[in-house]
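Visitor: Give me coordinates for this.
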Amino acid sequence: MRTELRLWLREVHDATGVTTIFVTHDQEEAMDLADRVAVLNAGRIEQVGAPAVLAEAPASAFVFDFLGDSNRLPCRVEAGEARFDGWSAPTAGAGEGPNMAWFRPHETLLAREGPGAPVHISGVLAKSAVVRVECRGDDGTAFEADFPKGAPEAGFAVGDTARLRAQRVFVFPEGTPT
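Guide: The predicted structure is shown next:
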């Protein structure tokens, strides 16, 4: 029913050209329906922009976290790279020195060996064309990684160990969301 309502609202908006305001707590609805989205946090606007802009250039850790599943790792930012223990990733965002790196499950890499944070596979879930691999670091930190079915990374099983890396990360001046 909600999907049909979204399609109908989009058709009405496109046909009439009338400005509409749609309030929702569901980011998927907002991103599907809107030409522009305003993300609010504790009653104040964190960011306003087109859905693609919010997804590719979130203005804060709150916006990044609000718009989808996220992984985080402490890092040190130097010369536009987030540096971790034995590996690095390109970074978007601000700040030099100690920070928190934010990255999406679909931008998370897993390998049986090589550079990366050591993790233990705690779950493997098939979600239509995607396999979600759930991991835990040695300190208990939870991570998620998404891969297309049939990808080598989708072949991990519960109990396996792996090395986790991010393809790219975001860092924000405030570090973590409120």
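Visitor: C-alpha only now, for contacts and for neighbours.
Guide: Noted.
Visitor: By residue count, tell me the biggest helix in this structure.
Guide: In the chain, assigned by DSSP state H, the helix with the most residues is helix 2-16.
Visitor: what about it, average pLDDT?
Guide: The average pLDDT within helix 2-16 is 82.
Visitor: tell me which element the closest residue in space to Ala59 that isn't next to it in sequence is part of?
Guide: Nearest non-adjacent residue to Ala59, counting by C-alpha to C-alpha, 6 or more residues apart in numbering: Gln47, 6.3 Å away. If you go by DSSP states H and E, Gln47 is part of strand 44-49.
Visitor: any idea how this structure splits into domains?
Guide: Per automatic domain parsing, the structural domains of the chain span 1-68, 108-165.
Visitor: quick one: the last one to chain centroid distance?
Guide: In this case it means domain 108-165. 15 Å (C-alpha atoms, centre = their mean, to the nearest Å).
Visitor: end to end, how far does that domain reach?
Guide: End-to-end distance of domain 108-165 (C-alpha to C-alpha, to the nearest Å): 6 Å.
Visitor: ok, now stretch 126-140?
Guide: 23 Å.
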